[in-house]
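Chemist: need a structure here:
(chains A and B)
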Amino acid sequence: MRHQDRQGLSARAVLLACAAVLATALAAGSVIAADTTATLRKDDITSQKAPPPMARVENRDLKRARNYPEQPPTIPHQIRDYQIDRNVNKCLTCHSRTAVEQSQAPMVSVTHFMDRDGQVRGAVSPRRYFCLQCHVPQTDAKPLVGNTFRDVDAVIQEAIPGRKEN
Amino acid sequence: MALRDSIITLWKTLTGPARHFSLGFLTFGGFIAGIVFWGGFNTALELTNTETFCISCHEMRDNVYAELKSTIHYTNRSGVRATCPDCHVPHQWTDKIARKMQASKEVWGKIFGTISTRDKFLEKRLELAGHEWERLKANDSLECRNCHNFEFMDFTAQSKRAADHHARFLANREKTCIDCHKGIAHRLPDMAGIAK
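Modeler: Got it, this is the predicted structure:
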């Protein structure tokens, strides 16, 4: 008898557990469906959204301000099909030390000629060879999430109200 | 001696006047035959001047054509496409024939499998690319200019640095298209030591 009882009890427990899991799953589903900030898709997770149009690369050739001094400058032009491999580095056809006289492009900074011991070499160091690891072009795509970044000047200004910006 | 006799007979037939055909038949017949043969020759020539013909060889299809496909001359917003002969074969007839005669070397290469594998192709790429650079340098980038006419360029619609460079180097003919625009349609070989 007792044995039977226990069995009945466990069956009921399993049933209850199943119901609970189902309820949670349903609830979670509705939460995900309603919560648009849960993903960057800005859409129901169960739907297949039409992709946004391709963003265009900004090609204005105007230097952009850096957000902090060590920021690698962003590329202000189109770089479609630029080849960077062991055969050739297309970026360096304008930005290399010897090319800038003709191209009037900014030369790759001297840090790029340093090896890991800080020794300046004659050519761009292999560890700095792949430009796009740090430098990237910008597109007109809208940011997916907001951003409250303030640069160091703004932060100092706020901390010391009397201080003038230089 | 029989051979010598038959050659003499043939020569006499060719140099003698026609015995059975009228002058009119020979004139108009020659005219029509000329159209047929000349037309046929040009049709065959044009047939070898198509992308389909070029990529019927795996050497072209798997190497240079595969690389072309992602570039602006193949995939772009306006749907204008430059195919192989647009850049690699002159459009003028005499130049075209000259180029086609040079291309007989390519037939030789095909038969003997000069670039029949990817490795062989990569090894030879600098030499082959060099031929094209030389050709375009010598004819002032004629095949580029067939579409990209300097006179028709709107500098205000170009990006700042493009307008600047075209004004400084192209306008005074100091440089020609290929000097700066190498590797725009195919991948580049090892460029170490090659003037940019």
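
Chemist: Quick check: the gap between residue B:112 and chain A.
Modeler: 26 Å (CB to the nearest CB, to the nearest Å). All C-beta spots, glycine's among them, are computed from the backbone N, C-alpha and C.

Chemist: Check residue B:124 too.
Modeler: Using CB to the nearest CB, we find residue B:124 at a distance of 14 Å from chain A.

Chemist: ok, that residue touching residue B:114?
Modeler: Yes - Residue B:124 is within contact range of residue B:114, at 6.8 Å (criterion: CB atoms under 8 Å).

Chemist: So which bits of whatever helix or strand residue B:127 lives in are buried?
Modeler: Using DSSP states H and E, residue B:127 sits within helix B:118-138. By neighbour count on 16 or more other CB atoms under 10 Å in any protein chain shown, the buried set for helix B:118-138 is B:121, B:125, B:128-129, B:132-133, B:135-136.

Chemist: In terms of secondary structure, what does it contact?
Modeler: helix B:142-145, helix B:177-180 (3 or more CB pairs under 8 Å, 6 or more residues apart in numbering or on different chains; DSSP states H and E).

Chemist: Pull out the buried residues from the first one.
Modeler: Of the residues in helix B:142-145, those buried by neighbour count under the rule 16+ other CB under 10 Å are B:142-144.

Chemist: The residues you listed also near chain A: which ones?
Modeler: With the criterion set as CB under 8 Å from any CB of the partner chain, no member of the buried residues of helix B:142-145 is near chain A.

Chemist: Just the mean pLDDT for the helix holding residue B:127, thanks.
Modeler: Averaged over helix B:118-138, pLDDT sits at 95.

Chemist: circling back to that earlier point, ok, so of the buried residues of helix B:142-145, who is nearest residue B:11?
Modeler: The nearest member of these to residue B:11, counting by CB to CB, is residue B:142 at 45.4 Å.

Chemist: quick revisit: wait, which of the helices and strands packed on helix B:118-138 is closest to residue A:128?
Modeler: Closest among those, using CB to CB: helix B:177-180, at 24.0 Å.

Chemist: Flag every buried residue along the closest one.
Modeler: B:177-180.

Chemist: can you give me how far it is from the chain middle?
Modeler: In terms of CA atoms, centre = their mean, to the nearest Å, the centre of helix B:177-180 is set 19 Å apart from its chain centre.

Chemist: Mind pulling the model confidence for residue B:167?
Modeler: Listed pLDDT for residue B:167 reads 94.

Chemist: Pretty sure it sits against residue B:155.
Modeler: Yes - assessed by CB under 8 Å, residue B:167 is found in contact with residue B:155 at 6.6 Å.

Chemist: How much space separates residue A:109 from chain B?
Modeler: 19 Å.

Chemist: same question but for residue A:77, I mixed them up
Modeler: Distance of residue A:77 to chain B, given as CB to the nearest CB: 6 Å.

Chemist: wait, that residue sits on residue B:159?
Modeler: Yes - counting by CB under 8 Å, residue A:77 touches residue B:159, with 6.3 Å between them.

Chemist: who touches residue 113 in this structure?
Modeler: The chain I'm using is chain A. Residue A:113 sits next to A:120-125, A:128 when contact means CB atoms under 8 Å, 6 or more residues apart in numbering or on different chains.

Chemist: meant chain B, my bad for not saying
Modeler: With CB under 8 Å, 6+ apart, residue B:113 has these contacts: residue B:120.

Chemist: make it 10 Å
Modeler: Taking CB atoms under 10 Å, 6 or more residues apart in numbering or on different chains as the criterion, residue B:113 is in contact with B:59, B:120.

Chemist: For it, give me the pLDDT.
Modeler: 93.

Chemist: For it, grab phi and psi.
Modeler: phi 60, psi 40 (degrees, to the nearest 10).

Chemist: gap between it and chain A?
Modeler: 24 Å.

Chemist: Any chance of JSON lines for the contacts of residue A:113, columns distance to residue B:64, neighbour count and secondary structure?
Modeler: Below are the contacts of residue A:113 laid out as JSON lines (distance: CB to CB, whole Å; neighbours: other CB atoms under 10 Å in any protein chain shown; DSSP: H, G, I helix; E, B strand; the rest coil):
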{"residue": "A:120", "distance to residue B:64": "40", "neighbour count": "11", "secondary structure": "strand"}
{"residue": "A:121", "distance to residue B:64": "35", "neighbour count": "11", "secondary structure": "coil"}
{"residue": "A:122", "distance to residue B:64": "34", "neighbour count": "6", "secondary structure": "coil"}
{"residue": "A:123", "distance to residue B:64": "30", "neighbour count": "11", "secondary structure": "coil"}
{"residue": "A:124", "distance to residue B:64": "29", "neighbour count": "19", "secondary structure": "coil"}
{"residue": "A:125", "distance to residue B:64": "33", "neighbour count": "15", "secondary structure": "coil"}
{"residue": "A:128", "distance to residue B:64": "31", "neighbour count": "16", "secondary structure": "helix"}
